[in-house]
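J.: Pasted the sequence and its predicted model underneath.
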Amino acid sequence: MKHWRITQAITGTLIALSLFSAPAFSWEQDKTYYITILHTNDHHGHFWRNEYGEYGLAAQKTLVDHIRKEVNAEGGSVLVLSGGDINTGVPESDLQDAEPDFRGMNLIGYDAMAVGNHEFDKPLSVLRQQEKLAKFPFLSANIYQQSTQQRLFKPWAIFRQQGLKIAVIGLTTDDTPKLGNPGNFNDIVFRKPADEAKLVIQELQQTEKPDITLAVTHMGHYDNGEHGSNAPGDVEMARSLPAGSLAMIVGGHSQDPVCMAEENKKQPNYIPGTPCAPDKQNGIWIVQAHEWGKYLGRADFEFRNGVMTLKRYQLIPVNLKREVEWDNGKRERVLYMPQIPESPQMLALLSPFQRKGQAQIATKIGSVNARLEGSRNKVRFEQTNLGHLILSAFMARSEADLAAMSGGGIRDSMEAGDIRYKDVLKVLPFGNTLAYIDMSGKDVSEYLRAVAQMKPDSGAYPQFANVSFTLRGGKLEALMINGAPVEPEKVYRLATLNFNGSGGDGWPALDKRPGYMNTGLIDAEVFRKYISEHSPLDAAAYAPRAEVNWQ
């Protein structure tokens, strides 16, 4: 099984752990301890292998079991950590509130996870049920109940391995309320993670006096701390903390393989199975394992006389494949590295959930004659036919004159051919509801002017339907609805999501205005019904025709 290893070693790097207010060490003088940190992040419902046989918790368990056995045989110990976002992304998981995912993580033996922003895609009551189901702690030091000023989750967990005391701190991006459904954040406040980290580290020094302190975060990794419109991430936090106050930050949220090409710059197109050097900021290692369980991150440390040395780091691809074309023109997907067999025990656990989920979503609901574009690098930058189709469904159901929604709410494309309920749920996985509002032409104009200024390359970038305009110098010109100039005193009905209507993604809030109605109809259900009634769909009928322009 040694072929799973990447032979690159990262040596000679010392992290002095000055986490003691008094000399209360657990470690023995001149003894070397071996500690391996395994990590994943941004799982997003991928408990089962994909259609190409890639990733999935069954293969991941085999890999973790192998590493755990190897490390234990050498006298070391293993911690398995997740950077969060277990929820949202695969219909078979979404329809079962990620129960198979958490049960699978239990079987693997995860030790802790950070609370991710997508843990709030459903009401807090669902998250609390998931927390009860999990046999490992959900960690976040910076999420508080506003009315009581008490934390909603454990700020840290303490693990004792080989006689050492290891503290793991959890932190969550403070962008979470902006990214999620505002209705799920009643009485919840997200404090600045870096500020909270400093307080927690001080508290740990005074109370627990750990030998080693790690952080598991859902904040994002941004090269050189250049986070743009996102909240600050792991790099910025590491730079703000006392040097070496954390041994490692196990991150998530930006969904990158953090493999550095040079100082402060990641490899742009990391090739699975090749050497991976993690980032290091202010004496703190920063790691992230892309997404969906595509990789298992492995960091092998030695701890001696209060000092941590990272001896080796690798991202192990979990049955990832590349497409090759042979001389005869045949295309085939081949493994980057040798096949990791799936755990029979995990397959036995998860198969009933997979069968149940597939039975719920396999029903054909319609068809389309060409691709409907919903990829992230399109819906956050330009108008797309899928955006128009979804908004057409919203307008039809609410009898609206126009519609708008965040491009970031569209999570997948649809290929030509049959459309199944599974495809709908992959496009609209968040369970938002259809909302509408009746407004004067004057108010509609002001609203659209504000929404049109949401920046590309963000989830807030708007998709529009049945409206045309040019935005020039912050002002709308030639605004038309349904092909006619807007009349200031006329009443128009605007359809949107309750997410945007409540101020999600920083859009102007509508839910407190007269004339606002949350229908309670789930967006995916509205979309499913429209597809069923209008199939076969002609993709060209929904193609953008330069109706909206930014100058």
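T.: That came through, no problem.
J.: Near residue 318, how many other residues are there?
T.: 25 (other Cβ atoms under 10 Å). Every residue, glycine included, has its C-beta placed from N, CA and C.
J.: so the closest residue in space to it that isn't next to it in sequence, which of the three states?
T.: Using Cβ to Cβ, 6 or more residues apart in numbering and skipping residues adjacent in sequence, the residue nearest residue 318 is residue 55, 4.6 Å away. Put simply, residue 55 is coil when judged by DSSP: H, G, I helix; E, B strand; the rest coil.
J.: which phi and psi does residue 55 have?
T.: Residue 55 adopts backbone torsions of phi 50, psi -150, taken as degrees, to the nearest 10.
J.: Now do the same contact list for it.
T.: By Cβ atoms under 8 Å, 6 or more residues apart in numbering, the contact set of residue 55 is 46, 49, 292-294, 318-320.
J.: Closest to residue 335 out of those?
T.: residue 319 (6.5 Å; Cβ to Cβ).
J.: And the helices in the stretch 201-350 of the chain?
T.: Secondary structure of the stretch 201-350 of the chain (DSSP state H, counting those that start in this stretch): helices at 234-240, 344-361.
J.: Take those and write them to TSV, including mean neighbour count, distance to residue 85 and mean pLDDT.
T.: Formatted as TSV, the helices of the stretch 201-350 of the chain follow (neighbours: other Cβ atoms under 10 Å; distance: least, Cβ to Cβ, whole Å; pLDDT from 0 to 100):
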stretch	mean neighbour count	distance to residue 85	mean pLDDT
helix 234-240	24	15	98
helix 344-361	16	19	96
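J.: show me what contacts the closest residue to residue 284 other than its chain neighbours?
T.: Sequence neighbours aside, residue 238 is the residue nearest to residue 284 in space, at 4.4 Å (criterion: Cβ to Cβ, 6+ apart). Taking Cβ under 8 Å, 6+ apart, we find residue 238 in contact with 246, 249, 281-282, 284, 286.
J.: Report the separation between residue 238 and residue 281.
T.: Between residue 238 and residue 281 the distance, using Cβ to Cβ, to the nearest Å, works out to 4 Å.
J.: hang on, the earlier thing: make a markdown table out of the helices of the stretch 201-350 of the chain and add distance to residue 486.
T.: A markdown table is the format used below for those (distance: least, Cβ to Cβ, whole Å):
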| stretch | distance to residue 486 |
| --- | --- |
| helix 234-240 | 43 |
| helix 344-361 | 41 |
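J.: Tell me which of those helices sits nearest to residue 504.
T.: Here helix 234-240 is closest among the helices of the stretch 201-350 of the chain (Cβ to Cβ), at 24.3 Å.
J.: Alpha carbons only: can I get that closest one in PDB?
T.: The C-alpha trace of helix 234-240 is given here as PDB (Å, rounded to 0.1, in the frame of the first residue of the first chain):
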ATOM      1  CA  ASP A 234      -6.900  31.900   6.800                       C
ATOM      2  CA  VAL A 235      -3.900  33.800   5.500                       C
ATOM      3  CA  GLU A 236      -5.100  37.100   6.900                       C
ATOM      4  CA  MET A 237      -5.900  35.400  10.300                       C
ATOM      5  CA  ALA A 238      -2.500  33.700  10.500                       C
ATOM      6  CA  ARG A 239      -0.800  37.000   9.900                       C
ATOM      7  CA  SER A 240      -2.800  38.700  12.700                       C
END
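J.: Among the contacts of residue 55, which one sits closest to residue 359?
T.: residue 49 (18.1 Å).
J.: From residue 423, how far out is the residue nearest to that closest one when sequence neighbours are not counted?
T.: Leaving aside its chain neighbours, residue 49 sits nearest to residue 56 (3.6 Å; criterion: Cβ to Cβ, 6+ apart). Note on residue 56: its distance to residue 423, by Cβ to Cβ, is 20 Å.
J.: circling back: wait, doesn't the residue nearest to residue 49 sit right on residue 292?
T.: No: with contact defined as Cβ atoms under 8 Å, residue 56 and residue 292 do not form a contacting pair (9.3 Å).
J.: Tell me which of those two has more neighbours.
T.: residue 56 (25 against 22).
J.: circling back: where do the contact lists of residue 56 and residue 292 overlap?
T.: Counting by Cβ under 8 Å, 6+ apart, the residues touching both residue 56 and residue 292 are residue 46.
J.: Tell me where the model's unsure across the stretch 1-150 of the chain.
T.: 1-24 (pLDDT under 70).
J.: what ranges do the strands span in it?
T.: 14-16, 32-40, 77-82, 112-114, 138-139, 143-145, 150-151 (DSSP state E, counting those that start in this stretch).
J.: now, of these, which is deepest in the fold?
T.: Mean neighbour count, computed with mean count of other Cβ atoms under 10 Å, is highest for strand 112-114 among the strands of the stretch 1-150 of the chain, reaching a mean of 29.
J.: Out of the contacts of residue 238, who's the most crowded?
T.: Most crowded among these, counting by other Cβ under 10 Å, is residue 249 at 30 neighbours.
J.: Please name the residues that touch it.
T.: Counted by Cβ under 8 Å, 6+ apart, residue 249 has contacts 214-217, 234, 237-238, 284-287.
J.: Run through the bridge partners of it.
T.: Beta-bridge partners for residue 249, by DSSP bridges, are residue 215, residue 286.
J.: Please apply the same query to residue 112.
T.: Applying DSSP bridges, one finds that residue 112 bridges with residue 81.
J.: show me what contacts it?
T.: 79, 81-82, 136-137, 139, 157, 168, 170, 216.
J.: tell me which residues form a beta bridge with residue 333?
T.: residue 323.
J.: Am I right that it is in contact with residue 325?
T.: No: taking contacts as Cβ under 8 Å, residue 333 lies outside contact range of residue 325: 11.1 Å.
J.: The nearest residue to residue 144 once chain neighbours are set aside is in what secondary structure piece?
T.: Once flanking residues are discounted, residue 144 sits nearest to residue 189: 5.1 Å by Cβ to Cβ, 6+ apart. Element membership for residue 189, per DSSP states H and E: strand 188-190.
J.: Show the model's pLDDT score for residue 227.
T.: Here the pLDDT value assigned to residue 227 is 87.
J.: Just give the number of residues close to it.
T.: Residue 227 has 19 nearby residues by other Cβ under 10 Å.
J.: burial count for the closest residue in space to it that isn't next to it in sequence?
T.: Spatial nearest neighbour of residue 227, chain neighbours left out: residue 233 (5.6 Å); criterion: Cβ to Cβ, 6+ apart. Residues lying near residue 233 (other Cβ under 10 Å) number 28.
J.: Do I have it right that residue 233 meets residue 219?
T.: Yes: assessed by Cβ under 8 Å, residue 233 is found in contact with residue 219 at 4.4 Å.
J.: Give me the common contacts of those two.
T.: What both residue 233 and residue 219 touch, as defined by Cβ under 8 Å, 6+ apart, is the set 173, 251, 253.
J.: I'd like to know which of these are buried.
T.: With burial judged by 16 or more other Cβ atoms under 10 Å, the buried subset of the shared contacts of residue 233 and residue 219 is 173, 251, 253.
J.: list the contacts for the second one?
T.: Okay, so that is residue 251. Contacts of residue 251 (Cβ under 8 Å, 6+ apart): 41, 83, 216-221, 233-234, 258, 286-288.
J.: ditto for the first one
T.: Contacts were defined as Cβ under 8 Å, 6+ apart; by that measure residue 173 touches 117, 179, 190, 193, 218-220, 230-231, 233, 253.
J.: how near is it to residue 120?
T.: Taken as Cβ to Cβ, the span from residue 173 to residue 120 is 11 Å.
J.: closest to residue 339 out of the strands of the stretch 1-150 of the chain?
T.: Nearest of the strands of the stretch 1-150 of the chain to residue 339, taken as Cβ to Cβ: strand 32-40 at 19.3 Å.
J.: State the paired neighbours of that closest one in the sheet, together with their directions.
T.: strand 77-82 (parallel), strand 295-304 (antiparallel).
J.: tell me which residues of the longest one are tucked away?
T.: So the one you mean is strand 295-304. Buried residues in strand 295-304, defined by neighbour count with 16+ other Cβ under 10 Å: 295-301, 303.
J.: model confidence over that strand, on average?
T.: 98.
J.: The helix or strand harbouring residue 478 packs against which elements?
T.: Applying DSSP H and E as the criterion places residue 478 in strand 475-481. The helices and strands touching strand 475-481, judged by 3 or more Cβ pairs under 8 Å, 6 or more residues apart in numbering; DSSP states H and E, are helix 441-451, strand 467-472.
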